[in-house]
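Participant: fold the following.
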Amino acid sequence: MFTNTYCPIVGGVSESVKRLKSRLQALGHQVLVVAPKMTGQPRHESDVIRVAAVQHFNGSDFSLPVPIPGQLYEAIETFDPDIVHSHHPFLLGDTAARTAETYGLPLVFTHHTLYEHYTHYVPGDSPRMQRFAVALSTEYTHLCDAVIAPSESIRDLLRRRGANPAVHVVPSGVDTQRFSQGDGAGFRRRYKIPAKAYVVGHVGRLANEKNLPFLTEAIVQLLRKQPETHFLVVGEGDARPAMQRAATEASVVERFHFTGKLHGQTLIDAYHGMNVFAFASHSETQGMVLVEAMAAGLPVAAIDAPGVREVVEQGRNGWLLPSDDAGALCEVLAGMSEKASREMLRQGALNTAQGFDEACCAARCLDVYREVIATENTTHQHVDTDAWGRVRGRLEAEWQLLCHRGRVLRLVFQDKPESDLLAPSKTPETFRK
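Facilitator: Residues are numbered from 1 along each chain as shown. Down below sits the predicted model:
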């Protein structure tokens with residue numbers, strides 16, 4: 001598995017990779033993760049290769065990997081994999097494509113992220129950069145034997161954009177049993193939140209793409225309306241100062257509780273310290289925190305968006321709002337302050353979470369692996385074991401990536417409307433030829 005983000009980074013992709021790896025290993029499979037070196041990473045990781053990386057790229061929490069091919073290929077040859085799984089379409093995603101082509105292995109790619117919502121992290125952010133993000137991730141799918149979409153809406157989006165048609169829906173899993181057990185009362189005492197308070201919670205990176213100004217506006221209205229209500233925010237990021245200012249200006253800042261990043265059982269306890277979960281992001285492919293919240297028995301109020309609508313069902317486990325209407329979200333959350341209203345949705349939330357249990361999701365991912373490996377036996381030519389065979393494979397990999405980047409740039413600089421960018425593209429077979 002190749003990923004640009006991994007522990008100690010806290011985020012959806014990092015958690016997804018870590019949980020899938022652990023579940024596959026529990027089933028008796030061997031997994032090797034290739035990830036960037038990061039400050040604060042675990043000291044001993046027998047199943048992880050760390051590659052050189054530029055720390056805190058562009059002021060973010062992320063590291064920019066700079067792999068050294070020779071050392072990496074030696075480790076991969078020792079591991080002797082059956083399949084390569086890429087979790088990003090660039091950086092170590094390119095290295096994953098090189099590895100698959102060099103050794104004649106099938107390549108699977110999980111489209112975790114709507115990258116066009118994250119271009120503000122790159123210098124020179126512009127509409128063209130967003131087009132580049134769409135083209136890069138879409139065209140990368142054609143280097144792959146199979147693509148995994150975390151939700152039906154992302155699968156449909158990829159198809160509209162002309163991605164590789166071999167798309168399988170496999171959500172990222174959650175250990176639902178573990179998230180069902182937490183000490184909410186103890187967590188409230190620790191953060192001086194009254195035991196009988198109505199607590200609305202949110203978990204995630206406090207970043208621009210999470211639509212937090214809108215969520216803060218709705219919460220401020222709610223706290224003004226209901227003096228006994230508190231807001232519990234788990235996570236850290238650049239949006240935090242603006243949220244605090246808005247709360248201060250509205251004179252409700254003493255009922256905004258920022259915990260920073262939480263991990264392990266402390267994070268689970270935080271979920272259990274909430275009564276409901278509020279979510280406003282439009283940039284999710286699945287929204288794993290929604291499943292975590294539901295596994296803790298929390299009803300969810302969220303904005304109807306890709307990756308969210310597959311989890312939140314109106315009137316069954318929460319409320320799905322059609323648009324960014326702060327007043328409407330405030331009213332929904334106010335209505336959920338009634339215990340009877342929450343209890344009606346609680347069982348639905350628990351039932352929904354069971355469908356996303358990590359054991360079930362890992363089994364579905366294994367099915368994808370088995371399918372592409374079976375196909376690989378007839379469609380791929382394994383690279384010879386001699387030195388020239390390896391060199392030939394690496395040259396072919398570089399040519400494939402060069403052609404891939406050429407197609408991306410052509411799409412970006414054609415100055416065609418967005419509908420043309422999303423038009424169907426060539427098939428994987430054409431690219432291999």
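Participant: give me the pLDDT for the spatially closest residue to residue 240 that is not a sequence neighbour.
Facilitator: Computed as Cβ to Cβ, 6 or more residues apart in numbering, the closest residue to residue 240 that is not its neighbour in sequence is residue 206, at 4.7 Å. In this view, the C-beta of every residue, glycine as well, is placed from N, C-alpha and C. Here the pLDDT value assigned to residue 206 is 92.
Participant: does residue 206 touch residue 212 like I think?
Facilitator: Yes - checked against Cβ atoms under 8 Å, the pair residue 206 and residue 212 is within contact range at 6.2 Å.
Participant: what residues does whichever strand or helix holds residue 370 touch?
Facilitator: Assigned by DSSP states H and E, residue 370 falls within helix 358-379. Applying Cβ atoms under 8 Å, 6 or more residues apart in numbering, the external contacts of helix 358-379 come out as 19-20, 23-24, 27, 29, 82-83, 85, 105-106, 108, 145-146, 148, 168, 170-176.
Participant: so which of those are in helices?
Facilitator: Mapping the contacts of helix 358-379 onto helices (DSSP state H) picks out 19, 20, 23, 24, 176.
Participant: show me which residues of the helix or strand harbouring residue 14 are buried.
Facilitator: Assigned by DSSP H and E, residue 14 belongs to helix 12-26. Neighbour counts over helix 12-26 (16 or more other Cβ atoms under 10 Å) mark 12-24 as buried.
Participant: show me what the helix or strand following that helix is packed up against.
Facilitator: Helices and strands here follow DSSP H and E; after helix 12-26, the next one along the chain is strand 33-36. In terms of contacts (3 or more Cβ pairs under 8 Å, 6 or more residues apart in numbering; DSSP states H and E), strand 33-36 is packed against strand 48-51, strand 64-65, helix 92-103.
Participant: now strand 33-36: how far from the chain's centre is it?
Facilitator: 16 Å (Cα atoms, centre = their mean, to the nearest Å).
Participant: list the contacts of it.
Facilitator: Around strand 33-36, the neighbours that count as contacts under Cβ under 8 Å, 6+ apart are 1-6, 17, 21, 47-53, 63-65, 67, 72, 92, 95-96.
Participant: let's see that with 7 Å instead.
Facilitator: Contacts of strand 33-36 from elsewhere in the structure, counted by Cβ atoms under 7 Å, 6 or more residues apart in numbering, are 1-4, 6, 17, 21, 47-51, 53, 63, 65, 72, 92.
Participant: just the buried ones from those residues?
Facilitator: So, by 16+ other Cβ under 10 Å, the buried ones in those are 1-4, 6, 17, 21, 48-51, 53, 63, 65, 72, 92.
Participant: do you have the helices of the stretch 301-433 of the chain handy? List them.
Facilitator: All helices of the stretch 301-433 of the chain, identified by DSSP state H, counting those that start in this stretch, fall at 326-335, 339-354, 358-379, 387-413, 418-421, 428-432.
Participant: pLDDT averaged over the last one - what is it?
Facilitator: Spelled out, it's helix 428-432. Predicted confidence along helix 428-432 averages 39 (mean pLDDT).
Participant: still on that earlier bit, so the residue nearest to residue 240: helix, strand or coil?
Facilitator: For residue 206, the secondary structure call by DSSP: H, G, I helix; E, B strand; the rest coil comes out as coil.
Participant: surely it meets residue 236?
Facilitator: Yes - the pair formed by residue 206 and residue 236 meets the contact definition of Cβ atoms under 7 Å, at 6.0 Å.
Participant: which of the two has more residues huddled nearby?
Facilitator: For residue 206 and residue 236, the more surrounded residue by other Cβ atoms under 10 Å is residue 206, and the numbers stand at 21 against 18.
Participant: still on that earlier bit, quick one: the helices and strands packed on strand 33-36 as TSV, columns for mean pLDDT and distance to residue 141 too.
Facilitator: As requested, these are exported to TSV (pLDDT from 0 to 100; distance: least, Cβ to Cβ, whole Å):
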stretch	mean pLDDT	distance to residue 141
strand 48-51	92	24
strand 64-65	70	21
helix 92-103	90	11
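Participant: okay if I get the ones you listed as CSV plus distance to residue 356?
Facilitator: Below are the helices and strands packed on strand 33-36 laid out as CSV (distance: least, Cβ to Cβ, whole Å):
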stretch, distance to residue 356
strand 48-51, 25
strand 64-65, 29
helix 92-103, 25
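Participant: and of these, who's closest to residue 223?
Facilitator: For residue 223, the closest of the helices and strands packed on strand 33-36 is strand 64-65, at 39.6 Å, according to Cβ to Cβ.
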